[in-house]
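1. Fold the following and give me the result.
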Amino acid sequence: MERLLDPRSDLVFKRIFGEHPEILRSFLNALLPFEGPDEEIASLEYLTPEQTPVLPLFKNTIVDVRCQDRLGRQFIVEMQMNWTSAFLQRVLFNASKAYVRQLESGDEFHLLKPVWALSILNAKFPGDTEDYYHHYRLVKAGAPEQVIRDLQLVFVELPRFQETRPDEARKLRWAWLRFLREAGTSGQPGHPSTDDLVTEVAVSQEVRDAIAISRQSAFTPGELETYERFWDAVSRERTLIAGGLAEGIEIGERRGLEEALRRLVSSGIPEAEARRMLGLC
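-> Numbers count the residues shown, from 1 in each chain. So this is what the prediction gives:
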């Protein structure tokens with residue numbers, strides 16, 4: 001089978017999920033933690049993307065699709081290639097704004113419909129947990145069964161996704177996440193062949209359609225050039241983040257040593273000896 005383009009890229013992600021509502025419906029029903037078939041999305045329509053604040057480092061590599069179902073629930077789907085703590089605030093901002101903007105002046109509050117924000121991360125979420133799936137909602141402190149369901153955030157970490165034998169209820173989620181994580185590297189050394197991957201994950205018509213859309217032959221030479229530029233931007237941003245983190249650590253260490261030196265000297269230790277103790281000379 002021919003090469004599959006990486007569905008995490010701007011061009012391919014939007015081609016698959018931003019132009020084919022039935023594929024997006026399958027994806028959302030598989031990824032969102034609905035509590036039963038009655039909550040699942042029956043049909044949906046796309047919404048016009050809004051202009052939202054751009055994170056300085058991530059102006060090129062945040063991809064989003066917005067839609068709503070026939071019940072009026074809104075869904076914001078984002079693919080995030082890199083990570084900083086500001087991304088969490090951005091997701092909350094976008095979801096909150098989508099919730100508030102449902103009402104026109106004079107409308108009643110009971111007309112507000114739930115908003116779901118689904119963020120697929122090609123990076124690890126902060127924290128020491130090994131869970132790849134994070135679901136946030138408003139609950140009463142001490143009584144988590146009492147839930148305000150109107151605003152819910154879901155983060156899925158592709159690097160921590162390691163499921164190999166999903167149960168039947170989660171098989172479609174497993175297939176979608178393997179497709180997202182592995183399609184772009186299939187056939188490369190150390191990775192499953194493209195044929196093997198397709199055989200394993202093609203568990204529904206919607207996944208099969210997504211695979212067909214991601215084939216290299218489905219894109220023009222100009223689009224393939226845009227695809228390569230996207231990955232160049234991802235690499236540049238990752239380098240900038242790493243450099244900024246290293247610089248921040250260096251500044252923090254220097255300030256910490258300066259404060260330790262000040263305290264040692266104020267306690268009566270000669271400055272020269274204090275500097276020797278801290279390795280500053």
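
2. For the helix or strand hosting residue 199, name the packing helices and strands.
-> Using DSSP states H and E, residue 199 sits in helix 194-201. Here helix 194-201 touches helix 171-182, helix 205-213, going by 3 or more CB pairs under 8 Å, 6 or more residues apart in numbering; DSSP states H and E. For glycine as for every other residue, the C-beta is placed from the backbone atoms N, C-alpha and C.

3. quick check: angle from the last one to helix 194-201?
-> The reference is to helix 205-213. 160 degrees (axes from the mean of the first three to the mean of the last three CA atoms, to 10 degrees).

4. Which strands and helices lie in contact with helix 205-213?
-> Against helix 205-213 (3+ CB pairs under 8 Å, 6+ apart) you get helix 10-17, helix 21-31, helix 171-182, helix 194-201.

5. in the last one, what's buried?
-> The neighbour-count criterion (16 or more other CB atoms under 10 Å) identifies 194, 197-198, 201 as the buried residues of helix 194-201.

6. which helices and strands does the helix or strand harbouring residue 97 pack with?
-> In this assignment (DSSP H and E), residue 97 forms part of helix 86-100. The contact analysis (3+ CB pairs under 8 Å, 6+ apart) places helix 86-100 against strand 62-69, strand 74-80, strand 115-121, strand 143-157.

7. Would you check how far apart residue 174 and residue 11 are?
-> Separation of residue 174 from residue 11 (CB to CB, to the nearest Å): 25 Å.

8. Actually, residue 4.
-> From residue 4 across to residue 11, the span is 13 Å (CB to CB).

9. Just the CA trace of stretch 203-210, in CSV.
-> Taking Å, rounded to 0.1, in the frame of the first residue of the first chain, the C-alpha atoms of stretch 203-210 are listed here in CSV:
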residue,chain,number,x,y,z
VAL,A,203,-12.7,-1.6,12.1
SER,A,204,-15.4,0.7,10.7
GLN,A,205,-16.3,2.3,7.4
GLU,A,206,-15.4,5.8,8.8
VAL,A,207,-11.9,4.7,9.8
ARG,A,208,-11.5,3.1,6.3
ASP,A,209,-12.6,6.3,4.7
ALA,A,210,-10.1,8.3,6.8
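
10. for the record, mean pLDDT for that stretch?
-> Mean pLDDT, stretch 203-210: 97.

11. sorry, back to before: reformat the helices and strands packed on helix 194-201 as CSV; add distance to residue 74 and mean neighbour count.
-> Below are the helices and strands packed on helix 194-201 laid out as CSV (distance: least, CB to CB, whole Å; neighbours: other CB atoms under 10 Å):
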stretch, distance to residue 74, mean neighbour count
helix 171-182, 21, 21
helix 205-213, 21, 18
